[in-house]
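Chemist: What follows is a protein structure lacking sequence information:
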């Protein structure tokens, strides 16, 4: 699943950059896609689990 995320993150970034080269307003999509990719990368590289011990 992590590998799939990384492939999709790189592919979507490359696609947006490629489209943005020809049509610059497309780069505004990074306002939505950018934070999602950053959050996903943070989740992939964290050492512990996202659900901690409660109590």
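Modeler: Great, that's in hand. Bear in mind that the values here come from a model prediction, so they are computed numbers and not experimental data. Residues are numbered from 1 along each chain as shown.
Chemist: does residue 44 belong to a helix or a strand, and which?
Modeler: Element membership for residue 44, per DSSP states H and E: helix 30-45.
Chemist: Let me see the mean pLDDT of that helix.
Modeler: For helix 30-45, mean pLDDT rounds to 91.
Chemist: Report all helices and strands that that helix contacts.
Modeler: helix 2-22 (3 or more C-beta pairs under 8 Å, 6 or more residues apart in numbering; DSSP states H and E). From N, CA and C alone the C-beta is placed, and that goes for glycine too.
Chemist: by contact count, what packs against the helix it packs on?
Modeler: If you count contacts as 3+ C-beta pairs under 8 Å, 6+ apart, helix 2-22 packs onto helix 30-45.
Chemist: Just the residues contacting the helix it packs on, thanks.
Modeler: 2, 5-6, 9, 12-13, 16, 50 (C-beta atoms under 8 Å, 6 or more residues apart in numbering).
Chemist: one more time with 6 Å
Modeler: For helix 30-45, contacts defined as C-beta atoms under 6 Å, 6 or more residues apart in numbering pick out 2, 5, 9.
Chemist: Columns neighbour count on top of those, output as CSV?
Modeler: Listed next are these as CSV, based on neighbours: other C-beta atoms under 10 Å:
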residue, neighbour count
2, 10
5, 14
9, 17
